[in-house]
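In: coords please:
(one chain, ligands or ions: 1)
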Amino acid sequence: MTDSPHPPTYSKRRRTPSPPPPDPYALDGDDDDKPLYVPVKQRRTQLVSRLAAKGGGATAAAEKRRHDEEEDARLQQQRDDDDRARRKREAQTLLIEAQEVKRRKAIEDAAKTEQQKREEEEAHILLAQEAARKQLAGAEELAKGIVYTERMRSTWKPPHYILSKPQEEHDAVRDKFHILVSGDDIPPPIPNFRDMKLPRPLLDYLKKKKIEAPTPIQLQGLPVVFSGRDMIGIAFTGSGKTLAFSVPLLMFSLEEEKRMPFVQGEGPVGIIMCPSRELARQTYEGLQEMAKLMEQGGYPQVRSLLCIGGINMSEQSQVLSQGFHMVVATPGRLQDMLEKRKFSLNSCKYLCMDEADRMIDMGFEEDVRNIMSFFKHQRQTLLFSATMPKRIQDFAQSALVQPIVVNVGRAGAASLNIIQEVEYVKQEAKMVYLLECLQKTAPPTIIFSDNKNEVDDIQEYLLLKGVEAVAIHGSKTQEEREYAIKSFKTGKKDVMVASGVASKGLDFSEIQHVINFSMPKEIEDYVHQIGRTGRSGKTGIATTFVNMQTAEQTLLDLKYLLMEAKQKVPPFLLSIEDPNLGADGKPVGCTNCGGLGHTIRNCPKLEENQRRTMAGFGRGGEGGY
Ligand SMILES: Nc1ncnc2c1ncn2[C@@H]1O[C@H](COP(=O)(O)OP(=O)(O)OP(=O)(O)O)[C@@H](O)[C@H]1O
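Out: Numbers count the residues shown, from 1 in each chain. All right, here's what the predicted structure looks like:
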């Protein structure tokens, strides 16, 4: 160390400790320099002691009071702000938030150039055309280029006095019953069963069932089908479509049997295809009942075969060994039986697809096409449904010869016999509210849910609450499904909880109330589901729960459907604006599925089909096979 008058200056830089590595979990803006948080109480004590140190106890007390008041006012202000924010949050319902999202999307859409919009539109149209190009025709007929041009004929003729009426009178009958027809040489409508030349036992059967006059689809549809013509039949749920294709098959079968009795290996005369096992069984049972009455009335015996998955076909070995006239089937099992050569379609002249659009939408398209390839000659082809979008009609064109379209109401419209109620129920409140909702009417009630697990959960909850409920969905065994249907149909159980299986065409007597626990994504499913009530001229109620989980375009589809059926539209649905209104202020609607609340650009069905195609999905999984 040197003796220096000046303190040493250090030219050498002092070694500072290196900074600690950054805290990977530190939040942005974390800063060690910020003062540490000191609780209010502690801050007050510090202040009092600082003031006391400055002197003057009285001044200190006054200062403390003032500070306390300031602090209280600040806390009150904070509470008020929090309260206001909370109220604002509550007022801004989830629906409004969704509308905000939609508004932002509309702004984004508006920013798209005309060119971009056109390209999007074209892509969607191409997709729809691609689907339409896939025709409903057998591979062999397509390969050989076989095209049938002559329509089928039958021996049935309308009574002479009806045939001799002027065309205007027929048109007046159609107008009266709101029947729209298209096609050439359309047979006249016949407003009573007797004039349709039904045999006495059948007339008695109808009378016994309190079926006195034909419904619109029957009074025009039956003459068309009896005449041997191909037909697309569209009419509301519960309006008696089944009879319009079952009775002619029975009559044709009787005619064939009378001409020459069927022996082993012969038949069938005709096939009715259904999208679900339950619906097939119901139609089969109806045919059986009518055939039995005819036999008792002195007509020859005609036999039918039920051809559905989940049942043991050997139980019907007697029918198989005798030859049979009518087959009611689901597509998968029918295809299987044909491939195994259990029977052939060499003499089959009649093919009816009930709920045809549902069958295609459920992924049975390929099965149906394969079945078509087993036909060796022309047959009469019929398609029936309450919802038959143009896309399905186009798809079926190649299988139809000079078809007649009989349309009662808009394809896809809901039955006017149903009071439709839509309620906003938060997801977590649904289960509890369900119990209250069940009180709306006396049983029987059907509750629909899209989700199989949810179906089970709802049933379990209802059982716990003492409600007699059964459940049915595609993952249940055939026995469980049959038990559920039987005990519900016979009135042993009050409530049936179901996935889509039970919505397709099942006819339970006098369902009072349908509850859609969740709104189906596709509006056609909604129409079929609520259609389990309000059947055969009776009135029923349908309640549908919607909430933020319901897609906005589904809500729009629903809004227009309610408006069309002149139902009460709840304010939250009314407040949803349609971004796709036409120049006339009316909804443009979707050319692909017929929904009114969206266009083809955002058609959920098209998206679902695309998803299926990409995933290589086949049939739809509710156990149709
Ligand atoms: N002419 C009629 N008069 C009164 N009731 C009828 C008549 N025809 C059929 N019904 C009855 O109406 C009910 C519904 O008939 P059906 O099941 O054929 O309807 P649907 O139009 O096929 O309905 P969905 O589209 O739901 O399959 C049945 O119970 C049937 O017995």
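
In: domains of this protein?
Out: Per the record, the chain has its domains at 160-259+267-408, 418-611, by the TED database.

In: and the shortest one, average pLDDT?
Out: Just to be clear, that refers to domain 418-611. Average pLDDT, domain 418-611: 88.

In: Residue numbering should commence at 100 henceforth.
Out: Sure, I'll start counting at 100 from here, so that last one is domain 517-710.

In: roughly how far is that domain from the heart of the chain?
Out: In this view, domain 517-710 has its centroid 8 Å away from the chain centroid, taken as CA atoms, centre = their mean, to the nearest Å.

In: Same check on the first one?
Out: Its chain's C-alpha centre and that of domain 259-358+366-507 lie 24 Å apart, by CA atoms, centre = their mean.

In: Show the end-to-end separation of that domain, please.
Out: From its first residue to its last, domain 259-358+366-507 covers 26 Å (CA to CA, to the nearest Å).

In: Rebuild the domains of the chain as a markdown table, extending it with distance to the ligand and mean neighbour count.
Out: All C-beta spots, glycine's among them, are computed from the backbone N, C-alpha and C. Compiled in a markdown table, those are given as follows (distance: least, CB to the nearest ligand atom, whole Å; neighbours: other CB atoms under 10 Å):
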| stretch | distance to the ligand | mean neighbour count |
| --- | --- | --- |
| domain 259-358+366-507 | 3 | 20 |
| domain 517-710 | 3 | 19 |
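
In: so can I have TSV of those domains showing distance to residue 172?
Out: As requested, the domains of the chain are arranged in TSV below (distance: least, CB to CB, whole Å):
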stretch	distance to residue 172
domain 259-358+366-507	65
domain 517-710	38
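
In: Identify whichever of those domains lies nearest to residue 182.
Out: Among these, domain 517-710 comes nearest to residue 182, with 22.4 Å by CB to CB.

In: Can you give me the end-to-end span of stretch 615-622?
Out: Stretch 615-622 has an end-to-end distance of 12 Å (CA to CA).

In: If you could redo that for stretch 571-591, that was the one I meant.
Out: Start-to-end span of stretch 571-591 (CA to CA) is 15 Å.

In: Quick one, which of the domains of the chain gets closest to residue 170.
Out: domain 517-710 (39.2 Å).

In: What count of nearby residues applies to residue 177?
Out: Residue 177 has 10 neighbours, counted by other CB atoms under 10 Å.

In: got a pLDDT number for it?
Out: 81.

In: Residue 406 is in contact with residue 376, correct?
Out: No - Residue 376 lies out of contact with residue 406 (CB atoms under 8 Å); the separation is 10.1 Å.

In: For the ligand, what's the nearest residue on the stretch 100-249 of the chain?
Out: residue 235 (20.4 Å; CB to the nearest ligand atom).

In: now that residue, nearest residue through space, not along the chain?
Out: Setting aside the residues directly before and after it, residue 235 is nearest to residue 498 in space (CB to CB, 6 or more residues apart in numbering), at 4.2 Å.

In: Phi, psi for the one you found please.
Out: Phi and psi for residue 498, reported as degrees, to the nearest 10, are phi -90, psi -10.

In: quick one on the thing from earlier: what touches both of residue 376 and residue 406?
Out: Residues touching both residue 376 and residue 406 by CB atoms under 8 Å, 6 or more residues apart in numbering: residue 429.

In: any idea how far residue 437 is from the residue of the stretch 100-249 of the chain closest to the ligand?
Out: As judged by CB to CB, to the nearest Å, residue 235 and residue 437 stand 17 Å apart.
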